[in-house]
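>>> Quick one, structure for this:
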Amino acid sequence: MTIRKLLLLALCLTLATAGYSAKVAPPKPVGPLPSSAQLAWQNLEYYAFIHFGMNTFTDHEWGEGRAHPDNFNPTALDCRQWARVVKAAGMKGIIITAKHHDGFCLWPSATTEYSVKKSKWRDGNGDVLKELSAACREYGLKFGVYISPWDRNHPLYGMPKYNRVYKEQWRELLTNYGEVFESWLDGANDGKKRMVYDFWGFFDTIKKLQPQTIIFSDAGPDIRWVGNEKGFAGETNWSPRDNEGTFPGFADEKRLTVGDEDGTTWLPAECDVSIRPGWFYHANEDSKVKSIAQLMEIYYGSVGRNANLLLNIGVDRRGLVNENDERRLLEFKQARDAAFKTNLAAGKVTASNVRGKDKSFAAENVLDGKSQTYWATDDGVTSATLELDLGREVECNRFVVQENIALGQRVKKFSLHTWNGNGFTPVASQTTIGYKRILRFPTIKTSKLKLVIEEAKACPTITNLELYRAPELQ
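So this is what the prediction gives:
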């Protein structure tokens, strides 16, 4: 090949790659970052809490630990039915109240006589956790457990020795029932017989037994309570948290709801709420199951605000998910499916700035459906726009946007604008994005959208955009 041809080929290659760098460094992480286990947890989005135990049979919410074990006697317990319902409802797992404040254990614990082994259910040979963990494996669901540190039955409660009892209960649960995706505890304590809990010893015990389990409490260490039992995260919701000096049962509920922009610990929020007024089953609440509209509001206020939704079901005295709850859970699933049936976000997407003009960070990454790819700007560019030309006019009223939180949570303020034929008009404005943000606005017709990142802690990293036309709920 002649020198002239070589020079011509080099020129063609230069023109073909003009404006793009061969190697542009990805954005540097900002603030605390999620672990791989925390990222996997966030991807679950929605799963079930099941309150079931002695309170189910005594018609209480908080039992006193005095009811005889024989009171616990479900006539048709079927954990496979629970799993079938939860799976059909679109939930990804189940967290069971293995021991509530009354101290009654749903497994035959060696740490107490107050358990299923002393009940007449299955002649004292039953084990709810064994049946439920097997059902979860069968139906491809995650399995989690809650045991209250408060124990109104155990004779050692209130003394330092009880901390060893509680650790042993965690050892039993985390070694005999397979993988536990979430270990749930709170700071519940007796008002008269105050117990000084060894929380850090509890956490250490749990992590040594199952390093990948996610520990919940209002103070973490892995995920935090959202600060209320209504199912709603704050309009602003940062996953980072300034957690110094807090422990379970002692935390600022208002701060838990919004997190901390400059928090030093990655501590995303979980929204717990019951499908009924109470947490345990009560027959007089059969007509008080939350409506579809209420549940959709909760969904938008939790998953739609950078949190996970833990929706509680109180299993009834037969040991079954009640027909009223099952029907509503499936209707809720149908409503979500209808709202997010067809993603209308398709077409040509352009950005006001692309990191290093490198295709690795191009605007079109937000439409490829891959969580690993994302649009990013140059360092120092903390306000920028993405414009999506749909190529046709569509009706829409829901917009989904996600950040690449593996590099930290960045966006502080953003807005969505739609094309009205003459220019762009703002239709929604919000603060944080995080793992997922869902915007709702009145149904409009438009052919173009503009996402405006108005303020960010560092260059934004947007991994996904979606657009939908949700039906109006009657």
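>>> Please name the residues that touch residue 443.
With Cβ atoms under 8 Å, 6 or more residues apart in numbering as the criterion, the residues that contact residue 443 are 395, 396, 397, 469, 472. In short, each C-beta sits where N, CA and C put it, glycine included.
>>> ranking these by neighbours, who comes first?
Highest neighbour count within these: residue 396, with 20 neighbours (other Cβ atoms under 10 Å).
>>> Quick one: the helices in the protein, in order.
Secondary structure of the chain by DSSP state H: the helices cover 3-16, 36-44, 54-58, 79-88, 128-138, 161-176, 199-209, 253-258, 292-302, 323-339.
>>> Out of those helices, flag the one nearest residue 246.
Using Cβ to Cβ as the criterion, the shortest distance between residue 246 and those is 9.1 Å, found for helix 253-258.
>>> Make JSON lines out of the helices of the chain and add mean pLDDT, distance to residue 357 and mean neighbour count.
What follows is those, written out as JSON lines (pLDDT from 0 to 100; distance: least, Cβ to Cβ, whole Å; neighbours: other Cβ atoms under 10 Å):
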{"stretch": "helix 3-16", "mean pLDDT": "40", "distance to residue 357": "14", "mean neighbour count": "9"}
{"stretch": "helix 36-44", "mean pLDDT": "98", "distance to residue 357": "29", "mean neighbour count": "16"}
{"stretch": "helix 54-58", "mean pLDDT": "98", "distance to residue 357": "62", "mean neighbour count": "23"}
{"stretch": "helix 79-88", "mean pLDDT": "98", "distance to residue 357": "46", "mean neighbour count": "20"}
{"stretch": "helix 128-138", "mean pLDDT": "98", "distance to residue 357": "48", "mean neighbour count": "21"}
{"stretch": "helix 161-176", "mean pLDDT": "98", "distance to residue 357": "50", "mean neighbour count": "18"}
{"stretch": "helix 199-209", "mean pLDDT": "97", "distance to residue 357": "44", "mean neighbour count": "16"}
{"stretch": "helix 253-258", "mean pLDDT": "93", "distance to residue 357": "36", "mean neighbour count": "17"}
{"stretch": "helix 292-302", "mean pLDDT": "98", "distance to residue 357": "37", "mean neighbour count": "19"}
{"stretch": "helix 323-339", "mean pLDDT": "98", "distance to residue 357": "37", "mean neighbour count": "17"}
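>>> As CSV, those with distance to residue 464 would be great.
Compiled in CSV, the helices of the chain are given as follows (distance: least, Cβ to Cβ, whole Å):
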stretch, distance to residue 464
helix 3-16, 29
helix 36-44, 12
helix 54-58, 41
helix 79-88, 25
helix 128-138, 29
helix 161-176, 34
helix 199-209, 31
helix 253-258, 23
helix 292-302, 17
helix 323-339, 17
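>>> Out of those helices, which is closest to residue 187?
Among the helices of the chain, if distance is taken as Cβ to Cβ, the winner is helix 199-209, at 8.1 Å.
>>> which strands and helices sit next to that closest one?
The criterion is 3 or more Cβ pairs under 8 Å, 6 or more residues apart in numbering; DSSP states H and E, and the helices and strands that helix 199-209 contacts are helix 161-176, strand 214-217.
>>> chain center to the first one: distance?
Okay, so that is helix 161-176. Using Cα atoms, centre = their mean, to the nearest Å, the distance from the centre of helix 161-176 to the centre of the chain it belongs to is 26 Å.
>>> tell me what it is packed against?
For helix 161-176, the helices and strands in contact under the criterion 3+ Cβ pairs under 8 Å, 6+ apart are helix 128-138, strand 142-147, helix 199-209.
>>> mind running it again at 6 Å?
helix 199-209 (3 or more Cβ pairs under 6 Å, 6 or more residues apart in numbering; DSSP states H and E).
>>> List the neighbours of the helix it packs on that are in contact with it.
Counting by Cβ atoms under 6 Å, 6 or more residues apart in numbering, the neighbours of helix 199-209 from elsewhere in the structure are 167, 170, 174, 183, 215, 221, 247, 248.
>>> one step back: any idea which of the helices and strands packed on helix 199-209 gets closest to residue 383?
Within these, the stretch nearest residue 383 is strand 214-217; the backing value is 34.3 Å (Cβ to Cβ).
>>> Just the CA atoms from that closest one would do, formatted as CSV, please.
Once non-C-alpha atoms are left out, strand 214-217 reads as follows in CSV (Å, rounded to 0.1, in the frame of the first residue of the first chain):
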residue,chain,number,x,y,z
ILE,A,214,-29.5,-7.1,54.5
ILE,A,215,-30.2,-5.9,58.1
PHE,A,216,-33.1,-3.5,58.6
SER,A,217,-33.7,-1.2,61.5
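>>> elements contacting that strand?
Based on contacts counted as 3+ Cβ pairs under 6 Å, 6+ apart, the elements that strand 214-217 packs against are strand 182-184.
>>> List the neighbouring strands of the strand it packs on plus their orientation.
strand 142-147 (parallel), strand 214-217 (parallel) (DSSP bridges).
>>> Could you export the longest one as PDB, CA atoms only?
Which is strand 142-147. Listed in PDB are the C-alpha atoms of strand 142-147, where the atom choice follows Å, rounded to 0.1, in the frame of the first residue of the first chain:
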ATOM      1  CA  LYS A 142     -36.700 -14.400  48.700                       C
ATOM      2  CA  PHE A 143     -37.100 -15.400  52.400                       C
ATOM      3  CA  GLY A 144     -36.600 -13.000  55.300                       C
ATOM      4  CA  VAL A 145     -37.300 -13.000  59.000                       C
ATOM      5  CA  TYR A 146     -38.200 -10.600  61.800                       C
ATOM      6  CA  ILE A 147     -37.700 -11.400  65.400                       C
END
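>>> I'd like to check what contacts that strand. Which residues are they?
Looking at strand 142-147 with Cβ under 6 Å, 6+ apart, the contacting residues turn out to be 92-93, 95-99, 133, 136, 169, 173, 180-182, 184.
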